[in-house]
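Q: can you look at this prediction? I've put the sequence above it.
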Amino acid sequence: MVLGLATSNKIWLALFAGVFIVFALLSSFVFPRWRPDFPGEHGRKWFIIATLALFVAMLFAVNVFAKEDEEPHAETAGETATTTEPGVTESTPTETAPTETTPGTAQGDPAAGKALFASQGCAACHAFTPAGAKGTVGPDLDEALKGKEAAFIHESIVDPNAEITQGYPPGIMPGDFGQKLSEKQIADLVAFLSQS
């Protein structure tokens with residue numbers, strides 16, 4: 001989750017965590033060397049207040065800075081196919097807006113979907129040109145998803161055995177992506193895979 005945060009959020013979160021850790025180390029190792037009875041009877045109240053204040057500050061930092069963005073991060077360039085002559089298809093670059101996956105689901109961000117495709121190991125099994133993937137364990141997604149609707153792609157991720165590409169046995173693709181990934185992440189993957 002931390003890798004998906006904005007850089008400024010990572011910095012703030014690290015700063016709060018660093019202060020908390022430094023205080024813990026100082027109060028565990030350094031202060032007791034100066035004063036063996038640390039925090040002592042008179043300093044106990046201030047030590048407890050400081051500890052609680054840092055604890056609350058850390059909870060605040062996690063709550064504020066460790067949130068994932070709800071909105072798509074950025075639009076990416078995609079391609080649309082146009083037919084100029086029978087049997088000849090050209091691709092023209094266009095702006096690709098986030099696409100809706102299935103009714104009632106979140107908008108998908110193709111850029112985030114590309115990152116998920118890489119981080120979930122999809123490239124190890126599937127060939128897919130937009131990802132630079134050349135896997136051969138599972139179907140070539142450039143062919144298997146050509147002309148498919150977002151609902152089909154969504155189902156293929158969350159229930160890969162619902163419809164199996166000819167020539168591949170059932171059970172090759174893990175069936176737990178529907179549990180491992182959030183609906184937003186699945187929508188991002190669908191938006192990325194819809195570029196085939």
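A: Arrived safely, thanks for sending.
Q: what about residue 195, which SS state?
A: What DSSP: H, G, I helix; E, B strand; the rest coil gives for residue 195 is coil.
Q: against which helices or strands is the longest helix anywhere in the chain packed?
A: Longest helix in the chain by number of residues, with DSSP state H as the criterion: helix 40-65. Using 3 or more Cβ pairs under 8 Å, 6 or more residues apart in numbering; DSSP states H and E, the elements in contact with helix 40-65 are helix 7-25. C-beta: built from backbone N, CA, C; applies to glycine.
Q: so which bits of the longest helix of the chain are buried?
A: Neighbour-count burial for helix 40-65 flags 54, 58, 61, 65 (criterion: 16 or more other Cβ atoms under 10 Å).
Q: of those, which is the nearest to residue 186?
A: Nearest to residue 186 among the buried residues of helix 40-65, counting by Cβ to Cβ, is residue 65 at 25.2 Å.
Q: my read is that the closest one contacts residue 17, right?
A: No: Residue 65 lies out of contact with residue 17 (Cβ atoms under 8 Å); the separation is 10.1 Å.
Q: which residues does the closest residue to residue 12 other than its chain neighbours contact?
A: Nearest non-adjacent residue to residue 12, counting by Cβ to Cβ, 6 or more residues apart in numbering: residue 65, 4.7 Å away. Residues near residue 65 by Cβ atoms under 8 Å, 6 or more residues apart in numbering: 5, 9-10, 12-13, 16.
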